[in-house]
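Trainee: below: sequence and its predicted model.
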Amino acid sequence: MTDLHAQARALLAHWDAPDPAQEALRVAYLDHLDRHADGTWRSCRSGHLTSSALIVDPQAGQVLLTLHPGVGRWLQTGGHCEPADVDLAAAAQREAHEESGLDDVVTWDVPLRLDRHEVACRGDDGQHTVLDHLDVQWLALADARQAPVRSIESVDLQWWPWNDLPGGATGADASVHALVAAARRRLDS
């Protein structure tokens with residue numbers, strides 16, 4: 001087990017899931033980690049943990065979303081864990097900074113929710129495999145007055161009112177709507 005693997009397992013073992021569906025995912029993530037010593041890495045071709053951050057400015061009521069080139073939809077920032085990531089929160093923080101270009105992003109230290117989704121994921125050998133991303137999703141705070149800087153990992157990058165997320169064929173899907181709703185509940189508590 002890598003340190004990241006042990007940290008991820010400990011985090012999920014102690015995370016209080018907010019509802020039965022999230023609890024079922026928490027148990028499935030733990031099972032995945034128990035079966036795969038490389039379960040936090042892209043090299044695990046039966047699926048792997050990822051880490052993402054929904055960047056929110058609660059004062060402005062806005063969220064920063066990226067138009068993902070591979071998925072073709074507006075999503076939160078996030079991606080694969082890397083060897084320098086000391087834990088999943090650090091991975092989410094790194095991804096938030098890399099994909100938003102924002103310097104002042106603060107990631108909360110408790111996961112917001114979990115989301116398991118099937119993707120065509122490129123392995124270390126460059127080949128694509130359809131597998132599950134077991135995403136641990138975090139809440140991150142930033143000031144919407146900061147101008148985001150689009151990276152090569154994005155087609156577009158914009159602040160959106162959390163009451164008016166993008167729609168249409170490239171719009172935010174149900175998982176993003178659920179993530180925004182969870183963020184609003186967490187911020188109101």
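Mentor: Received the coordinates, thanks.

Trainee: got the contact list for residue 132?
Mentor: 46, 47, 116, 117, 118, 119 (C-beta atoms under 8 Å, 6 or more residues apart in numbering). No exception for glycine: its C-beta is placed from N, CA and C like everyone else's.

Trainee: and the residues you listed as TSV, adding neighbour count?
Mentor: Shown next, in TSV, are these (neighbours: other C-beta atoms under 10 Å):
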residue	neighbour count
46	12
47	21
116	15
117	12
118	10
119	16
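
Trainee: cross those residues against strands and list the overlap.
Mentor: 116, 117, 118, 119 (DSSP state E).

Trainee: returning to what we had before: from the contacts of residue 132, pick the one nearest residue 65.
Mentor: Of all the contacts of residue 132, residue 65 sits closest to residue 117, with 16.0 Å by C-beta to C-beta.

Trainee: per-residue pLDDT, that closest one?
Mentor: Looking at residue 117, its pLDDT reads 92.

Trainee: which SSE is the closest residue to it other than its chain neighbours in?
Mentor: Leaving aside its sequence neighbours, residue 117 sits nearest to residue 133 (C-beta to C-beta, 6 or more residues apart in numbering; 5.6 Å). Using DSSP states H and E, residue 133 maps to strand 128-141.
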